[in-house]
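>>> how would this look folded up:
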Amino acid sequence: MAKNLLTDNAVRQAKPAEKPYRKLDGEGLVLLIQPTGAKWWRFRYRFKGKAKMISLGAYPRVSLIEARNLRDDAVKKINEGIDPSDHRAAERQAVAIEKTVATNTFEAIAMEWYGRHSPTWATAHAKRVKERLDNHVIPYIGEKPITEITAPVVLTVLRRLEDVGKLETAHKTKQSMGQVFRYAIATGRAESDPTPSLKGALPPAKTDHFPALLYPDAIGAVLRQFDNYGGYPPVRAGLKLGPYLFCRPGELRTMKWADLDLDLAEWRFTLSKTHQPHIVPLSHQVKAIIEEMHLLTGKGEHVMPSQRSPRGDRPMSDAAITSAYRAMGIEQSTLVAHGWRATARTLLVEQLKFPVDIVEQQLGHSVKDALGRAYNRTQFLDERRAMMQAWADYLDTLKKSTS
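You can find the predicted model right below:
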């Protein structure tokens, strides 16, 4: 049979017609020209008496020389008793299996899970989860197919943390691993989660609560220190607003002018932890602090901007308040910014006798009614408004007391 009948020029200049047509190159290699102008290489052959055909790719991505080499390889396989079509199918299956194994490793599934869920998390939480996976899990079992990871394998990973005294990290790492396994089950790549089998395998982690002030005299003394702070005005505002508002420190420092309505005396924003809308009624004291800040930072985006952000497009850092505490001699073991939440939670209930549900609602915690429905953001708003004013007045009373 004639071979190598085509030339580069003939292939390049082949024009489309109303119907598909072929140009022969010999030994089964043909160029199919479509009415659209597309040109495809085909190899036609017979195997065990049956006429068959496989595609060798499109021109010009596959050149004439490359098409001939592919044809010659196929002819060689036929001479060896191998069907080129079956051989190609086997190769594709092997590649598919390899890809499946690669995408079914713990690392691949963990990163897929993280990529889908982390955008809904607080930035700091997402960072901690990623660091736990990257530092304590993936280096040891990341390349393992997730179906081969058993409870003893997981325990080995966690024991490394236990052995160096990082029990809390071990428990949180176990929690994250369990979420990855459950995601793998939901996406059809695993059948079980081994982490529940480890209940009791690790000693319980000691829970350290945020240091908080619960005694009136101590609270009053600290509030007076805040009033006398002579540093950067936005930091001074943050120090004074923290006890009044008892929101999460990250939410306070990123307070934006656009979220404030001083006429309604409300601060509306999205909670960093639950990503739910939230309303904080503003007491007279809080409004006065914010109005004072408006003279300084009202043209920017943030109420308390960073010193390095003259235009106010960046909030002050999460270390600013902590640094101010230390500068005033308030030790971390005594009080942290987050501790005002515990202070308010305790004293609003025990001293001011407000219902727990209302306090929890104001804290931004998930509170449900008798039917199991989560209260919406406007629930008890009038009661919370009264509570926030009563709380501010109570703090002012403590601040004025010198006993």
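
>>> Could you chop this protein up by domain?
8-95, 106-198, 216-400 (automatic domain parsing).

>>> How much space separates Asp193 from Glu168?
21 Å (CB to CB, to the nearest Å). (Glycine included, C-beta is placed from N, CA and C.)

>>> And these two? Which one has more around it.
When neighbours are counted by other CB atoms under 10 Å, Asp193 and Glu168 differ, and Asp193 comes out ahead with 18 against 14.

>>> Now distance to Ala205 too, for the domains of the chain, in TSV please.
Formatted as TSV, those follow (distance: least, CB to CB, whole Å):
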stretch	distance to Ala205
domain 8-95	45
domain 106-198	4
domain 216-400	19
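
>>> Those domains into TSV, with extra columns for mean pLDDT?
Below are the domains of the chain laid out as TSV (pLDDT from 0 to 100):
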stretch	mean pLDDT
domain 8-95	90
domain 106-198	90
domain 216-400	89
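
>>> doesn't Arg189 fall inside a strand?
No - assigned with DSSP: H, G, I helix; E, B strand; the rest coil, Arg189 falls outside any strand and is coil.

>>> Need the phi and psi values for the nearest residue to His302 once chain neighbours are set aside.
Spatially, and ignoring its direct neighbours in sequence, His302 is nearest to Pro315 (4.5 Å; CB to CB, 6 or more residues apart in numbering). Backbone torsions for Pro315, taken as degrees, to the nearest 10, come to phi -70, psi 160.

>>> Kindly provide the distance from Pro315 to Val137.
For Pro315 relative to Val137 (CB to CB), the value is 32 Å.

>>> Likewise for Pro310?
To Val137, Pro310 is 43 Å away according to CB to CB.

>>> out of those two, which sits in the more crowded spot?
Val137 (23 against 10).

>>> Identify the residues contacting the residue nearest to the more buried one when sequence neighbours are not counted.
Distances taken as CB to CB, 6+ apart put Val157 closest to Val137, at 5.8 Å, once the chain neighbours are dropped. Val157 sits next to 136-137, 140-141, 173, 177 when contact means CB atoms under 8 Å, 6 or more residues apart in numbering.

>>> Mind checking which of those residues are buried?
136-137, 141, 173, 177 (16 or more other CB atoms under 10 Å).

>>> And the residues you listed, which is closest to Arg46?
Arg46 lies nearest to Ile141 out of the buried ones among the contacts of Val157, by CB to CB, at 50.8 Å.

>>> ok, the closest one - contacts?
106, 149, 153-154, 157.

>>> Show me where the stretch 201-350 of the chain has its strands.
Secondary structure of the stretch 201-350 of the chain, counting by DSSP state E, counting those that start in this stretch: strands at 260-261, 266-270, 277-281.

>>> a markdown table for the ones you listed, including distance to Phe226?
Output for the strands of the stretch 201-350 of the chain, formatted as a markdown table (distance: least, CB to CB, whole Å):
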| stretch | distance to Phe226 |
| --- | --- |
| strand 260-261 | 21 |
| strand 266-270 | 19 |
| strand 277-281 | 19 |
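
>>> Any chance of TSV for those, columns distance to Leu398 and mean neighbour count?
Below are the strands of the stretch 201-350 of the chain laid out as TSV (distance: least, CB to CB, whole Å; neighbours: other CB atoms under 10 Å):
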stretch	distance to Leu398	mean neighbour count
strand 260-261	26	16
strand 266-270	23	16
strand 277-281	20	20
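
>>> Quick one, which of those gets closest to Leu295.
Among the strands of the stretch 201-350 of the chain, if distance is taken as CB to CB, the winner is strand 260-261, at 14.4 Å.

>>> next one: the closest one to chain centre, how far?
Relative to the centre of its chain, strand 260-261 is centred 29 Å away, using CA atoms, centre = their mean, to the nearest Å.

>>> Not counting that strand itself, show me its contacts.
Contact with strand 260-261 is made by 266-268, 282, 290, 303, as judged by CB under 8 Å, 6+ apart.

>>> Any chance of CSV for those, columns distance to Gln351?
Putting the contacts of strand 260-261 into CSV (distance: CB to CB, whole Å) gives the following:
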residue, distance to Gln351
Glu266, 25
Trp267, 24
Arg268, 28
Leu282, 22
Ile290, 26
Val303, 29
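
>>> hang on, Val30 in a strand?
Yes - counting by three-state DSSP, Val30 is found in a strand.

>>> which residues touch it?
Counting by CB under 8 Å, 6+ apart, Val30 has contacts 22-24, 41-44.

>>> Narrow the residues you listed to those in strands?
22-24, 41-44 (DSSP state E).

>>> export the contacts of Val157 to TSV and tack on secondary structure?
Shown next, in TSV, are those (three-state DSSP):
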residue	secondary structure
His136	helix
Val137	helix
Tyr140	helix
Ile141	helix
Thr173	helix
Met177	helix
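
>>> Show me which of these is closest to Leu335.
Thr173 (29.5 Å).

>>> so who does the closest residue to the closest one other than its chain neighbours touch?
Leaving aside its chain neighbours, Thr173 sits nearest to Arg132 (4.9 Å; criterion: CB to CB, 6+ apart). When contacts are counted by CB under 8 Å, 6+ apart, Arg132 touches 169, 172-173, 176.

>>> returning to what we had before: how about the strands of the stretch 201-350 of the chain, which one is nearest Pro216?
strand 277-281 (23.4 Å).

>>> from the chain's centre, how far out does that closest one sit?
24 Å.

>>> by contact count, what packs against it?
If you count contacts as 3 or more CB pairs under 8 Å, 6 or more residues apart in numbering; DSSP states H and E, strand 277-281 packs onto strand 266-270, helix 381-400.

>>> Recalculate using a threshold of 10 Å.
helix 233-245, helix 249-253, strand 266-270, helix 356-363, helix 381-400 (3 or more CB pairs under 10 Å, 6 or more residues apart in numbering; DSSP states H and E).
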